[in-house]
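# Have a look at this prediction, sequence included:
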Amino acid sequence: MKPLLNTVLHRFISTGSLDVTFADGSKAQFKGAQAGPHAGVRFLTQQAERRLLLNPGLGFGEAYMERGLEPQGCSLYDLLNVLMLNAMKPAGHVGEAIAATTRYARRSWIQFNPESRSRKNVAHHYDLDTRLYDLFLDKDRQYSCAYFRTGKETLDEAQEAKKHHIASKLLLDRPGLSVLDIGCGWGGMALTLAKDYGAIVTGITLSTEQLRIARARAQEAGLSDRVRFELLDYRHLRTQYDRIVSVGMFEHVGIGHYVTFFEKVRESLVEGGVALLHSIGRNDGPGTTNPWIDKYIFPGGYSPCLSETFAAIEKAGLWVTDCEILRLHYAKTIAIWRERFAARRDEARAFYDERFCRMFEFYLAAAELSFEVQGHMNFQIQLSREIDAVPFTRDYMFEAESRQSLEKAAI
């Protein structure tokens, strides 16, 4: 096994360098032709070596969770940085190239998300112990990309700015507008739109835990008369709204359901209505979800490229009235999450276990690096049924954000 792994790693590492200590104690260094980051890894079992050879996309994370390998002379982030940077050229690792081809052929089934499967997939991640999210999220529990206007904001400031940045694109030009929040999370966006913009908001989710907390938050904030939350699949929507917002939910729809999703958005908008979709995306064309992420973190999830998204929007008969790409905002967001989780890791281990903690820190490091070195980004797409649903220029967005900032500063 070791000679084969040696051969594969010599081909795989084309940028930077990797020091390896094998399970039998022997050592080797693999150095790419291009300068880049350096890291080291120690294999503690031959099974871990086998996993890296045959199916690294899944097996490397599993080996780390099970203590079959450890970073050596570096952090987990440093080790994944070297590996994920070089993984952008999958032909260099024959095992990963074969696995990736197989995954792509099966991606329609992997992302097949009928209602029953969607509920199960959502519960896998979002119905975890609620104390976990308090360890690393902001006070409003925004579990999506923050918006760093200068890069110097705190996490709470950047998440608050994200909500108002999105609100500016919803054209909330008068109180009393009805708003649908698809995938409302713990309710932060819905509560903000009601409290700061006078909207009447309906939030829908498939997570029972998020629903429970969102309803409690609305009650505590005295907003139950303006905000209601329901356990509802978007496919069962029957009401029309002035505005629709969806943040961090589209990644869970599945490629075979994109047209259905956007058709439902169109059906659910009143004449002259506006929708805003915020999602993770990829810049390298159609692909697949990393198998480790699919198995342990977000089953059925997928970050689409713009070409897949726009094709479905076109089929649904919607206008794209604005599109913005947020490139490194999520990398910075997750870097803060990762730091905060590390600082309170012992608390997570107290109500889960060490294997879970290793899984979660692997997830956060890999997610951050997917934005830094693997072409992931966020996009915000504004949609409408009519060509003239929004003003000619984007000035109204900047004016709304400036007005909100002044109002906050005056409080």
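All right, it came through fine.
# any idea what residue 324 is structurally, helix, strand or coil?
Following DSSP: H, G, I helix; E, B strand; the rest coil, the label given to residue 324 is strand.
# Ok, the one 10 residues further on next?
Applying three-state DSSP to residue 334 yields a three-state assignment of helix.
# so what pLDDT did it get?
Here the pLDDT value assigned to residue 334 is 98.
# Spit out the contact partners of it.
Contacts for residue 334 (CB atoms under 8 Å, 6 or more residues apart in numbering) come out as 364, 367, 368, 371. In short, each C-beta sits where N, CA and C put it, glycine included.
# go again using 7 Å as the cut-off
By CB atoms under 7 Å, 6 or more residues apart in numbering, the contact list for residue 334 reads 364, 367, 368.
# Verify the stated contact: the first one with residue 339.
Spelled out, it's residue 364. No. Applying CB atoms under 7 Å, one finds residue 364 not in contact with residue 339, separated by 9.3 Å.
# Between these two, which is the more surrounded one?
Just comparing residue 364 and residue 339: by other CB atoms under 10 Å the higher neighbour count belongs to residue 364, 22 against 12.
# Now the more buried one: closest residue in space, sequence neighbours ignored.
Nearest residue to residue 364 in three dimensions, chain neighbours excluded: residue 338, at 4.2 Å (CB to CB, 6 or more residues apart in numbering).
# What ranges does the chain have for its strands?
Using DSSP state E, the strands found in the chain span residues 15-21, 27-31, 34-43, 69-71, 178-182, 200-205, 227-231, 241-247, 269-282, 319-326, 376-384.
# could you dump these to JSON lines with mean neighbour count and mean pLDDT?
Converted to JSON lines, those look like this (neighbours: other CB atoms under 10 Å; pLDDT from 0 to 100):
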{"stretch": "strand 15-21", "mean neighbour count": "19", "mean pLDDT": "96"}
{"stretch": "strand 27-31", "mean neighbour count": "14", "mean pLDDT": "95"}
{"stretch": "strand 34-43", "mean neighbour count": "18", "mean pLDDT": "96"}
{"stretch": "strand 69-71", "mean neighbour count": "19", "mean pLDDT": "98"}
{"stretch": "strand 178-182", "mean neighbour count": "24", "mean pLDDT": "98"}
{"stretch": "strand 200-205", "mean neighbour count": "24", "mean pLDDT": "98"}
{"stretch": "strand 227-231", "mean neighbour count": "19", "mean pLDDT": "98"}
{"stretch": "strand 241-247", "mean neighbour count": "24", "mean pLDDT": "98"}
{"stretch": "strand 269-282", "mean neighbour count": "21", "mean pLDDT": "97"}
{"stretch": "strand 319-326", "mean neighbour count": "16", "mean pLDDT": "98"}
{"stretch": "strand 376-384", "mean neighbour count": "22", "mean pLDDT": "98"}
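# Ranking helices and strands of this structure by mean pLDDT, which lands last?
Using mean pLDDT, DSSP states H and E, helix 94-105 stands out as the lowest-scoring helix or strand of the chain, at a mean of 66.
# show me what contacts the closest residue to residue 366 other than its chain neighbours?
Spatially, and ignoring its direct neighbours in sequence, residue 366 is nearest to residue 80 (5.7 Å; CB to CB, 6+ apart). By CB under 7 Å, 6+ apart, residue 80 lies in contact with 365, 366, 369.
# What separation do you get for the residue nearest to the first one when sequence neighbours are not counted and residue 84?
In this case it means residue 365. Of all residues beyond its chain neighbours, the one nearest residue 365 is residue 77 (4.6 Å), with distances taken as CB to CB, 6+ apart. From residue 77 across to residue 84, the span is 10 Å (CB to CB, to the nearest Å).
# next one: residue 236
From residue 236 across to residue 84, the span is 39 Å (CB to CB).
# Show me which of these two is the more surrounded one.
residue 84 (18 against 10).
# Look up the pLDDT of the nearest residue to the more buried one once chain neighbours are set aside for me, please.
Leaving aside its sequence neighbours, residue 84 sits nearest to residue 369 (CB to CB, 6+ apart; 4.8 Å). Predicted confidence (pLDDT) for residue 369: 98.
# next one: residue 408
70.
# since we're on it, how many residues are nearby?
As a burial measure, residue 408 scores 12 neighbours (other CB under 10 Å).
# quick one: low-confidence ranges for the stretch 1-150 of the chain?
Low-confidence segments of the stretch 1-150 of the chain, defined by pLDDT under 70, span residues 1, 90-100, 102, 104-107, 109.
# shouldn't residue 200 be in contact with residue 174?
No. The pair residue 200 and residue 174 fails to qualify as a contact (CB under 7 Å) at a distance of 11.8 Å.
# give the contact list for residue 36.
Neighbour list for residue 36: 15, 16, 85 [criterion: CB under 7 Å, 6+ apart].
# Give the burial count for residue 362, as a bare number.
Residue 362 sits with 22 neighbouring residues when counted by other CB under 10 Å.
# same question, residue 145
Neighbour count for residue 145, taken as other CB under 10 Å: 26.
# quick one, phi/psi of it?
Note on residue 145: its backbone torsions stand at phi -60, psi 130 [degrees, to the nearest 10].
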